[in-house]
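[1] No sequence on hand, only this structure:
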């Protein structure tokens with residue numbers, strides 16, 4: 001990595017001029033694993049619990065520290081979060097693949113100064129699908145899902161679908177302020193964890 005690139009990556013707005021989020025055990029959920037049936041079930045259960053605990057329209061903060069994983073399972077998080085009558089904001093530590101998609105589908109997209117986002121073309125495993133039969137149907141299904149997700153992501157990033165798909169063709173990596181500048185995140189923030197959150201081992205920092 002060149003010294004110029006390092007300088008660009010480390011340049012940032014002074015921390016004391018950024019919004020500081022106050023995270024506590026009532027308003028914070030951490031996705032600290034790959035996106036699969038087990039991790040998604042845990043996040044959904046926590047969304048239900050936090051929604052019951054929090055008063056009024058106070059937001060839930062979903063901390064994303066995930067390499068991604070299952071599209072179908074990940075969209076269950078999106079559906080559950082969108083069904084709540086309160087905002088679910090994301091805080092990106094590292095959100096790749098399906099983690100990137102989750103961030104683009106929810107409310108305010110916060111990112112840490114050194115947070116990383118990455119998007120790429122959807123991948124699929126066809127297993128033992130029959131060539132000319134099941135394989136064609138599975139591929140058609142995967143393309144349909146990809147089209148829906150890419151449309152929503154492109155809209156959130158104020159890009160055409162064609163431009164978005166071209167940009168992610170060989171993976172698109174975004175770092176901190178770079179993500180904000182490219183409209184993949186809304187704001188760089190600092191965070192602090194309450195003692196209660198730290199005590200239950202849920203502070204991600």
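    Arrived safely, thanks for sending. What you see is a predicted model; the values in this text were computed from it and never measured.

[2] wait, residue 54 sits on residue 47?
    No. Residue 54 lies out of contact with residue 47 (C-beta atoms under 8 Å); the separation is 10.7 Å. C-betas here are computed from N, CA, C, even on glycine.

[3] Who has more neighbours out of these two?
    Taking other C-beta atoms under 10 Å, residue 54 and residue 47 do not tie; residue 47 has more neighbours (20 against 15).

[4] distance of the more buried one from residue 109?
    17 Å (C-beta to C-beta, to the nearest Å).

[5] Residue 66 now?
    Taking C-beta to C-beta, one finds residue 66 at 15 Å from residue 109.

[6] now swap in residue 33 and tell me
    Distance from residue 33 to residue 109, by C-beta to C-beta: 20 Å.

[7] and the two? which has more neighbours close in?
    residue 109 (25 against 15).

[8] wait, what's in contact with that one?
    Residue 109 makes contact with 89-90, 92, 103, 184-187, according to C-beta atoms under 8 Å, 6 or more residues apart in numbering.

[9] let's go with 10 Å and repeat that
    The neighbours of residue 109, taking C-beta atoms under 10 Å, 6 or more residues apart in numbering as the test, are 64, 89-92, 95, 100, 102-103, 117, 156, 179-180, 183-187.

[10] again, but for residue 76
    35, 37, 40-41, 43-44, 70.

[11] Selecting buried members of those residues in ChimeraX, what would you type?
    The ChimeraX command for the buried members of the contacts of residue 76 (criterion: 16 or more other C-beta atoms under 10 Å) is given here:
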select :35,40,43,44,70
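
[12] Which parts of the chain belong to which domain?
    3-120+171-199, 125-169 (automatic domain parsing).

[13] out of those domains, deepest packed?
    Stretch with highest mean neighbour count among the domains of the chain: domain 3-120+171-199 (a mean of 18; mean count of other C-beta atoms under 10 Å).

[14] Run the chain-centre distance for stretch 162-171.
    18 Å (C-alpha atoms, centre = their mean, to the nearest Å).

[15] picking up where we left off before, mutual contacts of residue 54 and residue 47, please.
    60, 84, 86.

[16] Going by distance to residue 195, which of those wins?
    If you rank the shared contacts of residue 54 and residue 47 by distance to residue 195 using C-beta to C-beta, residue 60 comes first, at 19.7 Å.

[17] what sits against the closest one?
    Contacts of residue 60 were listed using C-beta under 10 Å, 6+ apart, and they are 26-29, 46-47, 49-51, 53-54, 81, 84, 86-90, 106-107.

[18] redo that, cut-off 6 Å
    27, 50, 88 (C-beta atoms under 6 Å, 6 or more residues apart in numbering).

[19] Who are the packing partners of the longest helix belonging to the chain?
    In the chain, taking DSSP state H as the definition, the longest helix is helix 134-156. In terms of contacts (3 or more C-beta pairs under 6 Å, 6 or more residues apart in numbering; DSSP states H and E), helix 134-156 is packed against helix 98-105, helix 161-167.
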